[in-house]
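>>> The following block contains a protein sequence and its predicted model.
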Amino acid sequence: MKREFPNPRTLIIFTGGPGTGKSGTAQRFLDYLGNDEIVKISYDQIKEKNWDIFGFDNEKQKDRLNWFSLEEFYLTIQKRMWENKTILIEYPFYQRHKPKLQELLDESGYSAVTICLYTDMETVYRRGAKRDKGEDRHPGHLLNQYHMETYTPAQLHSVNRIQPTFEEFTAGIAHKEYNINLGLDILVDVTDFGRISYEEIYRRIVEYQS
């Protein structure tokens, strides 16, 4: 069944702290909608593509490349808005990102939906540690020197075993407010992914836009 929105010119924003399961939850919502005309844009995928193309030798180069990737991400959103596509984006967006996203919404006249995922800190800490040890995790997220053509798993071996303590993890995100609250604001408890009601999320969006 293909599910659509009353206003197809909608930007759906999945946000939440690291380890809340944004990518998987966003994809399951897309699967529920069954609408292959919705465009998903991932900042992480753009970063990973550029890491593979350009590589980096230190943290400063990586930060510069990440900034370049963020600009590409915004331009990609803008292009899809020009095409009048329904767009879904996912990332741990926080207040730093809100002004630019608001600017894109204001310029395009798009409707926004913020879906903010949350759970307790110990759960996201454990999930984040498990994710970083996964074989499908791009090494660029964990290294400050990376070139695809010379990369070997040995480079990641020692890094993969060094996880921040729970205190370091919480201190690193304590100042960030991940609910950027653009348009309709939907809070979703992701303590148990199996209890998420995608039907309820869809219903609330439809009611908001009707």
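Yes, it's here.
>>> Which element is encountered next along the chain beyond the helix or strand of the chain with the lowest mean pLDDT?
When the helices and strands of the chain are compared on mean pLDDT, DSSP states H and E, helix 153-160 comes out lowest with a mean of 76. Per DSSP states H and E, the first helix or strand lying C-terminal to helix 153-160 is helix 166-173.
>>> what about the nearest residue to Gln155 once chain neighbours are set aside, how many neighbours?
Leaving aside its sequence neighbours, Gln155 sits nearest to Leu143 (C-beta to C-beta, 6 or more residues apart in numbering; 6.4 Å). Quick note: C-beta positions are derived from backbone N, CA and C, even for glycine. By other C-beta atoms under 10 Å, the residues close to Leu143 number 18.
>>> Make sure Leu143 is actually in contact with Pro153.
No: with contact defined as C-beta atoms under 8 Å, Leu143 does not reach Pro153; the gap is 11.4 Å.
>>> now the residue nearest the centre of the chain, nearest residue through space, not along the chain?
The centroid of the chain falls nearest to Tyr91 when counting by C-alpha atoms, centre = their mean (1.7 Å). In this structure, Tyr91 finds its nearest non-sequential neighbour in Tyr43, 4.5 Å apart by C-beta to C-beta, 6+ apart.
>>> Confirm for me that that neighbour is in contact with Ser69.
Yes: using C-beta under 8 Å, Tyr43 makes contact with Ser69 at a distance of 6.9 Å.
>>> so who does Asp52 touch?
Gly140, Met148 (C-beta atoms under 8 Å, 6 or more residues apart in numbering).
>>> After the longest helix seen in the chain, heading C-terminal, what element do we hit next?
Across the chain, the longest stretch assigned as helix under DSSP state H is helix 59-82. Next in sequence after helix 59-82, counting helices and strands by DSSP H and E, comes strand 87-90.
>>> for the record, mean pLDDT for that next one?
In this model, strand 87-90 carries a mean pLDDT of 98.
>>> got a list of what the residue nearest to Tyr91 touches?
Ser69, Leu70, Phe73, Ile89, Tyr91.
>>> can you do 7 Å?
Ser69, Leu70, Phe73, Tyr91 (C-beta atoms under 7 Å, 6 or more residues apart in numbering).
>>> Quick check: which ranges of this protein have low pLDDT?
When residues are selected by pLDDT under 70, those of the chain lie in 158-162.
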